[in-house]
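Novice: Could you work out the structure for the sequence below:
(chains A and B)
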Amino acid sequence: MGDAIVGVVANPLSGRDIRRLTTRASVFPTAEKANMIQRMLTAFHAVGVQRVLLSTDLGGISAAVFRAIGQRRSHDAGWPDVEFLDGQPIRQTAQDTVDAVRRMVAAGAGVIICLGGDGTARVTASAACDVPMLALSTGTNNAFPAVREATVAGLAAGLVATGAVPADGVVTRAKLLEARVGDRTETALIDVAVSTQRHVGARAVWDPATLTQLFCAFAEPDVVGLSSILGQLSPVARHEPYGVAAHLAPEAEAQVLAPIAPGLVMPVGVRNIERMRPGAVYPVDARAGVIAVDGERELTFEPGERPIVRLRDDGPRCVDVPAVLAASARLGLLRRPAMTLGPVPVAGSTVRRNT
Amino acid sequence: MTETAERKALTREQLLDAYRMMRAIREFEERVHAEFATGEIPGFVHLYAGEEASAVGVCSNLDDRDTIASTHRGHGHCIAKGVDVAEMMAEIYGRKTGSCHGKGGSMHIADLSKGMLGANGIVGGGPPLICGTALAAKIKGTGGVGVAFFGDGASNQGTTLEAMNLASVWNLPAVFVAENNGYAETTSSTWSVASENIADRAGGFGMPGVIVDGFDFFAVHEAASEAITRAREGAGPTLLEMKFTRYFGHFEGDQQTYRAGEVEHARAELDCLKRFATRVAETGELTQSDLEAIDAEVAATIDRAVTEAKAAPLPDQADLLTDVYVRY
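Specialist: Got it, this is the predicted structure:
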């Protein structure tokens, strides 16, 4: 059996969009993203992960981790070998995340952790193939990634990557929404919204008056984002085998107050709520506009293009952190002496540069 | 409730104006680039080509109450704020008919009647000026907003940071637009700016900081609209960071040995004019012939500006003692 490998991809731009201006959304500092990775490295080492593949960026995250590795003292907790995925152009677009995740998949990563918001999780999912992913929140609208201590998430990822906790029952497949305009396709992990806006512009959606339709893979009553609109009217859990869709109109009879973005609780008019069945095709009614996936405008469409939306049951495989640690407790994996853990590598850490 | 920028669709006239302004800046800069090579233009010029969506996306939200402060790379800001291109060209040629009677040149073009406080040879010189005009607007109750454009180099200057602090402390109607083209002269911002995102610095001054795709007119217009409305309504200053690339060197004559391939990529894939033209054609908001008509009109205007500038007289000895003091 080869090394137990975990990939970590961090989006340097998450938490920087216009919602800082329109809604006072949180700012997630680069330094904290780098700190989260360092806390994870400690956790990975503790459960026997030997190699970590880390995305590189121009935002200072990988640089801060690189610096931290060089500053470690002999009595610091051990870290696995960290391999920086450099040597390819950094475009400062979502393509950087795709490239890094593909390299992690090709290198045999057992789990891929992504640090970002819903947008980062969506892009990671699109490239992760069937490698289990674990999304941690450092973005704006976080319905999909969890707000969770990185150390604990690191333990869970490590326990799955080493095989100490079998994937069965602790890695679950998420649903996925697919929006299609002609031959252009975008996927969403939570919601697809149709806006009468004509341009992608500043990407974020923060004015419900522009929305005409909403499709949700899941709609939980306690999340923030557009899915919260249906979360209060017709909740659907992540694990349920169907989704929910509705038409939105300011004058609709049913009105709901929904936290559609951090700092924005807005009245939204809703009608024609219906269950979405996996595989069925749902047409977009608007003649022209923009389709937003997970709250970000991505796909424009013009008269005559007739976009469609489908719910799919073949979304990314996701690590269920509470389930992994519950299994670990059952199996006694973190007891000392360990019951079934493999050899823990020696302390210390080296940098492998992959050029 | 205020109508959000997201909901407010741009009218046909606004789209035509935006394209005309961006095209005028591009044409102006490419012509200055060509003319500078002949040796006829005195002094230095720093060209704005590639960054048009920033100046136009921001200034298309402004009116005569509002003021802007610019940088050494100021031609785009001047044009976007409505300064006459013929007077600008004459100024660059150092002629009597120029915006400042030929005594300022490229780096000091100003037109107070348009709220354009001036291009500025001092890196970080603009933001403190904007605190002054924003304070005046606030005290007089004009509803005016002050906008300071500055670069990634100026983002490290004390003047810029002090101005952001003051604007927040006094809750001024100000907007700070960091135009991050990646290089302070020839030094990459990855070597000189400690926080990679200039927008991140906003938090330290208690104002929102937003990153904007500076190649996308629609993204800039929307973000600037929100920031300017916010300032106008008394909710305080905002920092917007435009990320993009300048197409020419730091100044004309810069050999640009510090970068390779970026400009070709940006011109081919990211160009603000191309993206704008493609987008409005897709939506059917403007036609190809609308755009071509503007291209022709702008080309003629710039051509005329150059011909007139070359023919205009230089300042003479008697002009030495005029314009020494300016009354605001």
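Novice: And chain B, is the helix or strand harbouring residue A:120 touching that?
Specialist: If you go by DSSP states H and E, residue A:120 is part of helix A:118-127. No - legend: contact between helix A:118-127 and chain B by Cβ under 8 Å from any Cβ of the partner chain is lacking; minimum distance shown is 13.1 Å. Yep, even glycine has a C-beta here, placed from its N, CA and C like the rest.
Novice: and the next element down the chain from that helix?
Specialist: strand A:133-137.
Novice: what's that next one packed up against?
Specialist: In terms of contacts (3 or more Cβ pairs under 8 Å, 6 or more residues apart in numbering or on different chains; DSSP states H and E), strand A:133-137 is packed against strand A:111-116, helix A:118-127, helix A:150-161, strand A:317-319.
Novice: so after the longest one, what's the next helix or strand?
Specialist: Just to be clear, that refers to helix A:150-161. Next along the chain after helix A:150-161, with elements defined by DSSP H and E, is strand A:171-173.
Novice: Run through who's touching that following strand.
Specialist: A:132, A:160, A:239, A:313-320 (Cβ atoms under 8 Å, 6 or more residues apart in numbering or on different chains).
Novice: same thing but 6 Å
Specialist: A:132, A:317-320 (Cβ atoms under 6 Å, 6 or more residues apart in numbering or on different chains).
Novice: ditto for stretch A:304-313
Specialist: Residues contacting stretch A:304-313 (Cβ under 6 Å, 6+ apart): A:175-182, A:192, A:215, A:243, A:276, A:278, A:281-284, A:301.
Novice: Of those residues, grab the buried ones for PyMOL.
Specialist: Listed next is the PyMOL selection for buried residues among these, using 16 or more other Cβ atoms under 10 Å in any protein chain shown:
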select buried, chain A and resi 175+176+177+178+179+180+181+192+215+243+276+282+284+301
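Novice: For the residue of the stretch 251-355 of chain A found nearest chain B, the count of nearby residues, please.
Specialist: Closest residue of the stretch 251-355 of chain A to chain B, Cβ to the nearest Cβ: residue A:302 (5.9 Å). Using other Cβ atoms under 10 Å in any protein chain shown, residue A:302 is surrounded by 14 other residues.
Novice: picking up where we left off before, by contact count, what packs against the helix holding residue A:120?
Specialist: Judged by 3 or more Cβ pairs under 6 Å, 6 or more residues apart in numbering or on different chains; DSSP states H and E, helix A:118-127 is in contact with helix A:94-106, strand A:111-116.
Novice: Could you export the longest one as PDB, CA atoms only?
Specialist: Meaning helix A:94-106. The C-alpha trace of helix A:94-106 is given here as PDB (Å, rounded to 0.1, in the frame of the first residue of the first chain):
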ATOM      1  CA  ALA A  94     -11.200  29.100 -10.600                       C
ATOM      2  CA  GLN A  95      -9.100  27.200 -13.100                       C
ATOM      3  CA  ASP A  96      -6.300  27.200 -10.500                       C
ATOM      4  CA  THR A  97      -8.500  25.200  -8.100                       C
ATOM      5  CA  VAL A  98      -9.400  22.800 -10.900                       C
ATOM      6  CA  ASP A  99      -5.800  22.300 -11.900                       C
ATOM      7  CA  ALA A 100      -4.700  21.600  -8.300                       C
ATOM      8  CA  VAL A 101      -7.500  19.200  -7.600                       C
ATOM      9  CA  ARG A 102      -6.800  17.300 -10.800                       C
ATOM     10  CA  ARG A 103      -3.200  16.900  -9.800                       C
ATOM     11  CA  MET A 104      -4.300  15.700  -6.400                       C
ATOM     12  CA  VAL A 105      -6.600  13.100  -8.000                       C
ATOM     13  CA  ALA A 106      -3.800  11.900 -10.300                       C
END
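Novice: Flag every buried residue along that helix.
Specialist: Residues of helix A:94-106 classed as buried: A:94, A:96-101, A:103-105 (neighbour count, 16+ other Cβ under 10 Å).
Novice: got a markdown table for these, with pLDDT too?
Specialist: Shown next, in a markdown table, are the buried residues of helix A:94-106 (pLDDT from 0 to 100):
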| residue | pLDDT |
| --- | --- |
| A:94 | 87 |
| A:96 | 92 |
| A:97 | 94 |
| A:98 | 95 |
| A:99 | 95 |
| A:100 | 96 |
| A:101 | 97 |
| A:103 | 97 |
| A:104 | 97 |
| A:105 | 97 |
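Novice: Show me which of the residues you listed is closest to residue B:68.
Specialist: Distance ranking of the buried residues of helix A:94-106 against residue B:68, using Cβ to Cβ, places residue A:94 first at 32.7 Å.
Novice: where's the nearest residue to residue B:255 once chain neighbours are set aside relative to chain A, distance?
Specialist: Spatial nearest neighbour of residue B:255, chain neighbours left out: residue B:249 (7.2 Å); criterion: Cβ to Cβ, 6 or more residues apart in numbering or on different chains. To chain A, residue B:249 is 22 Å away according to Cβ to the nearest Cβ, to the nearest Å.
Novice: Would you enumerate the residues in contact with the closest residue to chain A within the stretch 51-200 of chain B?
Specialist: Residue nearest to chain A within the stretch 51-200 of chain B: residue B:196 (4.7 Å; Cβ to the nearest Cβ). When contacts are counted by Cβ under 6 Å, 6+ apart, residue B:196 touches A:59-60.
Novice: 10 Å instead?
Specialist: A:12-13, A:30, A:57-61, A:63, A:92, B:180, B:189-190 (Cβ atoms under 10 Å, 6 or more residues apart in numbering or on different chains).
Novice: So what does it have for phi and psi?
Specialist: When quoted as degrees, to the nearest 10, the phi and psi of residue B:196 stand at phi -60, psi -40.
Novice: mind checking pLDDT for it?
Specialist: Residue B:196 is assigned 72 on the pLDDT scale.
Novice: Could you do the one 5 residues further on as well?
Specialist: Predicted confidence (pLDDT) at residue B:201: the value is 93.
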